[in-house]
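with the sequence up front, the predicted model follows.
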Amino acid sequence: MKFIYTLILALLLAAAGTISLNAQKSSINVPLPFDRYYDLEDLYKAIEVLNEAFPELTTAEVITQSEEGRDVWAFTINNPETGDHLAKPGVYVDGNIHGNEIQATEVVLYLMNYLLTNYGEVEKITELVDRNAFYFVPSVNVDGRYHFFNNANTPSTNRGLRVPGDGIRDAVSDRSISNDLNNDGSITQMRKRDPFGQWNTHPEDPRLMVRAEPGEFGEWTLLGQERYDITEDTQISEDAERYVDPNRDWGSNWAPPYVQRGAGDYPFMGNVSKAIAEYMVGRPNIIMVFAFHNTGGMFLRGPGTKARGPLNPSDVAVYDILGENAEKIVPGYDYLISWKDLYSTYGDFTEFTYNTIGAFSFVGELFMARQETYAAYEDLMSADHESLGFGTTTEQDLQRLKFNDNVAHGTLFKEWEPFDHPIYGEIEIGGWAKMSTRISHPFMLKDMAHRNAAAVLFAAAQTPKVEMEITRNERIDDNLNRVRVRLVNHNAIPTMTNHAVQNQLYPQDMLTAEGNNIRVVAGGRVTDRYRDRVNYKEHRPELQFLRVPGTSVVYYDFLVEGNGELTINYNSRKAGQRTANTTIN
Amino acid sequence: MRTGFKLLIISTISLFLFLISSSLIHSQSFWEGYHSPEQANNVLTETAQNHPDITRVHTLAQSPGGRELLVLEIGPEVNSEEKSLPAILVVANMEGVIPITTEASLKLVDLVIEENAADNKTWYILPNGNPDAAVRFFQSPLRKDVRNEFPVNDDMDDQVGEDGPEDINGDGFVTTMRYKHPQGEWIPVDGEPRLMRRADRAKGERGIYKIHSEGIDNDGDGQINEDPTGGINVNRNFPHLFREFTATGGAWPGSTPEARGIFEFVFSRPEIAMTFSLGETNFALQPPRGGRQGSADFQNIQIPESFADQIGADPNATYTMDEVIRMVEPLAPPGFEITESVVASFLGLGAVVNPMQEDLVFYNELADRYKEYLEEHGFSTDRLSPAAAKDGSFELWSYYHLGIPTFSMDFWTLPEFREETEDEDSGLTPEKIGEMSDEEFVDLGEETIGQFLEEVGAPAQFSAAQVIGMVQGGMLTTSRIAEMLAQMPGGSPASPDGASAEDKALIAWVDNELNGEGFIEWSEFDHPDLGTVEIGGPIPFVKNTPPYVMVDSLLSVQVPWIVTLSEKMARLNIMSTDTEYLGGGIHRVTAWIENENYLPFPTAMGVRNQNPKPAQIFLQANGLDFIEGRERTLIESLGGMEAKKFTWLVRSPETRLLQLRLETTHAWSDRSQIELGGSR
Ligand SMILES: [Zn+2]
């Protein structure tokens, strides 16, 4: 019982420690500084100052409250002088759906700041802002972000939504909570000397634990994460959170928890996933999606499970262009297929945005442990680049410890220290700190954020850019004109995914011909423009449905009778509207 | 226009509107008496006013058409949010086109109150799961459509919901048009020219007519009735085997508020122990179907090569779930628990899609009991089969995701029509096949499929075995088969001499029981798009909705079975307790916990999906010292009529009274006291 009081005291002290740290922070002004990670309050402030500094170009809005009542903000960059946001190709970028994956937010903020502060200064950026609508949700899981910054954590805790558990299974199954026993802000590991242990310290660096050779006892037992086991389990622990992963909560190929760990009771159980789905449905112009996570250095595309079958081949060709360029913009990152190269997921966000919203969608997995080097340049170049996915090799860890010592000056690793544990007795506590392992030292932040933002901008520059021109208008009979319309998409991304066309997610682009005293007799897609071969549409010839593929040209002919002004309208959900006129006489 | 005249017109219009809105009198008088969604809601609110102590009305959702989905709660705990008693959820008319199921739910309300069936449990009863669709039965012209009013652009053009069917000849019904066409596939049935059948070109017959639902091409795109107002079929919008990209399924599970409302209602009420869906399927008579491919098989797991390497497994071998867990465990970070769900999701093993064998035991047994019951009550079980449960339906979701006993019931189909000389036909139509999953089709077996292929005049090279093989091999799907048959002139669901079994049953029913009233004689009409057409055919709902005079006798036999089944749900009790003194102040405490009822706690599917909350046993006394066991113990499952023993070793040198509590969220609770004798 006494221990509980000690524990509460320790927790209070830990909270006090967090507050004193806050005092040293640099202030947040435009341009935003990227010399440290922003906690939730900083993020709110950053959104506010950007919005205040660029009131004409930006909109900031709260789209929902989290399970614990915190605001989730969305941020729009659109130049109203070049048109309504819905009339431009929409690029949606979010991050930090997993509460612990905090630097994803910095990438989003960096991109927001970069676009705004370079608008009117850098030609390419000005064009991107003028031509696209950008939508951002810098931190999706605001409760997770709050608790990751404000409480002690491992690099991997506080990923999920704060959905209360049922209190029945949780509390009994010994999934008791971790506690920051030594009050250092990180949940690390516990080890105990044990003549019958399974672990040894590494001969080169005793901070690193390695498995004992088969057939031999080691000198240590690893006791898992820092915690005090609560054996009195009659009290339903309020902290016995149920794990609901907000990235398994989306209504496309969704599966219940016994199939997909981390799923909720039903799709869109989380406030934020439901709100973002509605947000996207209300912005049918969104054609490009990036969702940032950590870790591993990857750009992932769907499908999430093998059973879904391969993606539509013509969509894959577009993905390949974007993914292969992203690999070059962010060195070391691999462009991969989710289920095949990583693992299967049901109901994840980009599954939803590709399948249901109809947007090309990437997950960006930030951070590469192998960038934490302590090696001469030529050794680095010749080193074996094979990694273990999310894990690290012993060789890498040895280097990372030296990197911690000599580059990060001890901030990434908590040295092992003795502790008197109420159950285990004399133990040692130590290991990788909260702000490590999946999160780089802040000195590496800006480079990482810039390159990933640049990968997004490469894709944004490829959103469909359609030009329409009337290339012919000639009288072919007494009272009949042939009007030819040319639609050119200058960019790699089509005006609709092929998947959206085939599965009828929404109507195709529409091309209409109309005018007073003018009747459209026939109209259709030109199949051979030199021989005037046309697939005429049988009904309603004045209305044509089409899709303009990436870097392609399509022609449509209208045969019209009458006299007067003919107006041709092209209307695409994702590529905007175009109008052209010609006189029929 | 003079003011007086204008007024006259306005008052005539309002009189007309008044007549329409006030009269729920059916264009067919034999259906007078059915309750509209609004009337059904009124019954619930009136019941709640008359029985305030045991009833309460909840609003579960509002439909896209603005109609409230009301649920009547009946039970002794209506005034408390926390429930100690288990509950039964009954939903009705989820498709919105089966009016008798709403009547059944209202009948159930009466029955539960009259017979005190809620004295130790709670009932939640929803008479209309899809009120937007249900209201059409009470509107003129009469039209049958499962869509709610959620806007959906079916034809992917520039307008939404602009081209639905209409009653163009003004007879009060949206029926069928037949018109002569060079590519007509249909001819009248010999001897019964009211009915149509497909011409059999192989036999030298030439089709005459095309047939289509009644209406015009409102949007001028050359298609008729291709974009009706609405919508989503609520009973295809649930997450088990949800089908994406279908006409009426919705964009995602729960995308329509009626389904979403049910998710939220159910998951905030862990006391719900059992569900019933009153609709077109009947799990009380015909257990949920199996035979689907791709079910996660935890006994034979194959490990993909990329992981096999890492965990030292053979990618060509199969392993049990326990074996995989043991292989993965050493690689997990300390403190990370490797569970079935972790492995299943990591390897992408997928969902369970066939009913668990253990559950089929009680389904089959209870189906036999129900047949006996029906026969005792003079009910013929010679009837057209109930429909198979559809992917994305409430009943499949309830069984597979909630993991609690789930029953569905239908209440009436056309009486089967039998000609003595005729062979029994397969009962299949291309449409029925199109609605089946591939697995359901394969499940029909070679004999039935062979018979069907013969009926439709399939070319001889298509043997049943070949077709089954192609479906299993993924080369052919049920929807493709339906499509092919629709394109194949002469491919018809008809028996050799004419109409299909359903049509024959229909025409016999109309003539013998309805004096011909359920069928509109074909009559010519000048159609704006098609020229001369004939309009006629069976009126909507005549195939699934009996005259109101029959309803009471149908329901008074079938609805009580819901109460009978409800009495079989799991109930956990402390059977007995015992103590044994071992010396040194240590006692062994034993408790036998039983499930005194027939149904398991929870179903085998519930054991798999871990959704139902386990029971908890608390053994408590001040300062009690546990040597073995804990103050709290979980019971994950207890079969029907089964008992399990639980033991604890406790140290108690003094005499004391132990409190033993058995707590469940949905199978009642129990408590008892145990006296420990101290160091005797
Ligand atoms: Zn993540």
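That came in fine, so what should we check first? Every value quoted in this text rests on a predicted model; they were computed, and no experiment measured them. Residues are numbered from 1 along each chain as shown, chains lettered A, B, ... in the order given.

C-alpha only now, for contacts and for neighbours.
Will do.

what sits against residue 211?
Because you didn't say which chain, this covers chain A. Shown in contact with A:R211 (Cα atoms under 8 Å, 6 or more residues apart in numbering or on different chains): A:198-200, A:218.

chain B is the one I meant
Shown in contact with B:I211 (Cα under 8 Å, 6+ apart): B:176-179, B:186.

burial check on A:S314, number of neighbours?
Neighbour count of A:S314, defined by other Cα atoms under 10 Å in any protein chain shown: 15.

before we move on, the earlier item: most neighbours among the contacts of A:R211, which one?
A:W199 (23 neighbours).

next step: the contacts of A:R211 restricted to strands.
Of the contacts of A:R211, the ones assigned to strands by DSSP state E are A:199-200, A:218.

the domain parsing of the chain - what is it?
No chain specified, so I'll use chain A. A:52-148+A:249-366+A:453-460, A:164-240+A:370-432, A:466-584 (automatic domain parsing).

actually it's chain B I care about, not the one you picked
B:37-137+B:233-292+B:355-413+B:547-566, B:155-227+B:504-543, B:301-347, B:430-491, B:572-675.

can you say which of those is packed in most?
Burial of the domains of chain B is given as mean neighbour count (mean count of other Cα atoms under 10 Å in any protein chain shown); domain B:37-137+B:233-292+B:355-413+B:547-566 ranks first at a mean of 21.

ok, back up a step: out of the ones in strands among the contacts of A:R211, the closest to the ion would be?
Here the nearest of those to the ion, counting by Cα to the ion, is A:W199; it sits at 30.2 Å.

does A:L445 lie in a helix or a strand, and which?
Assigned by DSSP states H and E, A:L445 belongs to helix A:445-461.

surely B:I468 is within a helix?
Yes - using DSSP: H, G, I helix; E, B strand; the rest coil, the secondary structure at B:I468 is a helix.

which ones are touching the closest residue to it other than its chain neighbours?
Once flanking residues are discounted, B:I468 sits nearest to B:V442: 5.8 Å by Cα to Cα, 6 or more residues apart in numbering or on different chains. Taking Cα under 8 Å, 6+ apart, we find B:V442 in contact with B:291, B:468, B:471-472.

quick one: secondary structure of A:T64?
The local conformation at A:T64, judged by three-state DSSP, is strand.

and A:R533, what pLDDT?
If you check A:R533, the pLDDT there is 97.

neighbours of it, how many?
As a burial measure, A:R533 scores 13 neighbours (other Cα under 10 Å).

picking that back up, most neighbours per residue, which of the domains of chain A?
Mean neighbour counts for the domains of chain A (mean count of other Cα under 10 Å) peak at domain A:52-148+A:249-366+A:453-460, with a mean of 22.

secondary structure element for B:S105?
Here B:S105 is assigned to helix B:99-114, by DSSP H and E.

ignore what I typed, I meant A:Y44.
helix A:40-53.

contacts for that helix?
Here helix A:40-53 makes contact (Cα under 8 Å, 6+ apart) with A:28-30, A:32, A:58-60, A:75, A:109, A:113, A:142, A:145-146, A:149.

restricted to helices, list these.
Per DSSP state H, helices hold the following members of the contacts of helix A:40-53: A:109, A:113, A:142, A:145-146, A:149.

please identify which of the domains of chain A is closest to B:H527.
For B:H527, the closest of the domains of chain A is domain A:466-584, at 17.8 Å, according to Cα to Cα.

check whether that closest one comes near chain B.
Yes - against chain B, domain A:466-584 shows contacts by Cα under 8 Å from any Cα of the partner chain at A:503-508, A:510, A:538-540.

quick one: low-confidence parts of the stretch 251-400 of chain B?
The stretch 251-400 of chain B contains residues with pLDDT under 70 at B:295-296, B:306, B:332-336.

which stretches in it count as helices?
For the stretch 251-400 of chain B, the helices defined by DSSP state H, counting those that start in this stretch occupy B:257-267, B:305-311, B:321-328, B:340-347, B:357-376, B:394-397.

want to throw these into CSV with distance to A:A522?
Shown next, in CSV, are the helices of the stretch 251-400 of chain B (distance: least, Cα to Cα, whole Å):
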stretch, distance to A:A522
helix B:257-267, 43
helix B:305-311, 57
helix B:321-328, 64
helix B:340-347, 54
helix B:357-376, 61
helix B:394-397, 48
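
mind checking which of the ones you listed is nearest the ion?
Using Cα to the ion, the nearest of these to the ion is helix B:340-347, at 14.9 Å.

touching chain A at all, that closest one?
Yes - Helix B:340-347 is in contact with chain A by Cα under 8 Å from any Cα, via B:340-342, B:344-347.

distance of A:A87 from the ion?
32 Å (Cα to the ion, to the nearest Å).

got a list of what that residue touches?
So A:A87 contacts A:285, A:573-577 (Cα under 8 Å, 6+ apart).

change it to 6 Å
By Cα atoms under 6 Å, 6 or more residues apart in numbering or on different chains, the contact set of A:A87 is A:G576.

returning to what we had before: reformat the helices of the stretch 251-400 of chain B as CSV; add distance to the ion.
Below are these laid out as CSV (distance: least, Cα to the ion, whole Å):
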stretch, distance to the ion
helix B:257-267, 27
helix B:305-311, 21
helix B:321-328, 22
helix B:340-347, 15
helix B:357-376, 38
helix B:394-397, 29
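
returning to that earlier point: mind listing the strands the helix or strand that the helix holding A:L445 is followed by pairs with, and their directions?
Using DSSP H and E, the next helix or strand after helix A:445-461 towards the C-terminus is strand A:466-477. Applying DSSP bridges to the sheet, strand A:466-477 is found paired with strand A:480-489 (antiparallel).

may I have the partner strand as CSV, with CA atoms only?
Extracted in CSV, the C-alpha atoms of strand A:480-489 (Å, rounded to 0.1, in the frame of the first residue of the first chain):
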residue,chain,number,x,y,z
LEU,A,480,-24.5,21.5,-89.5
ASN,A,481,-21.1,22.3,-87.9
ARG,A,482,-18.5,20.0,-86.6
VAL,A,483,-16.9,21.3,-83.4
ARG,A,484,-13.9,19.5,-82.1
VAL,A,485,-12.7,19.8,-78.5
ARG,A,486,-9.3,18.8,-77.3
LEU,A,487,-8.6,18.0,-73.7
VAL,A,488,-4.9,17.7,-72.7
ASN,A,489,-3.7,16.5,-69.3
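
just the residues contacting it, thanks.
Taking Cα under 6 Å, 6+ apart as the rule, strand A:480-489 contacts A:465-475, A:550-561.

quick one: secondary structure of A:D315?
helix.

now do the contacts for the residue in the stretch 51-200 of chain B positioned nearest to chain A.
In the stretch 51-200 of chain B, the residue that lies nearest chain A is B:M156 (4.4 Å; Cα to the nearest Cα). For B:M156, the contact set (Cα under 6 Å, 6+ apart) comprises A:P507.
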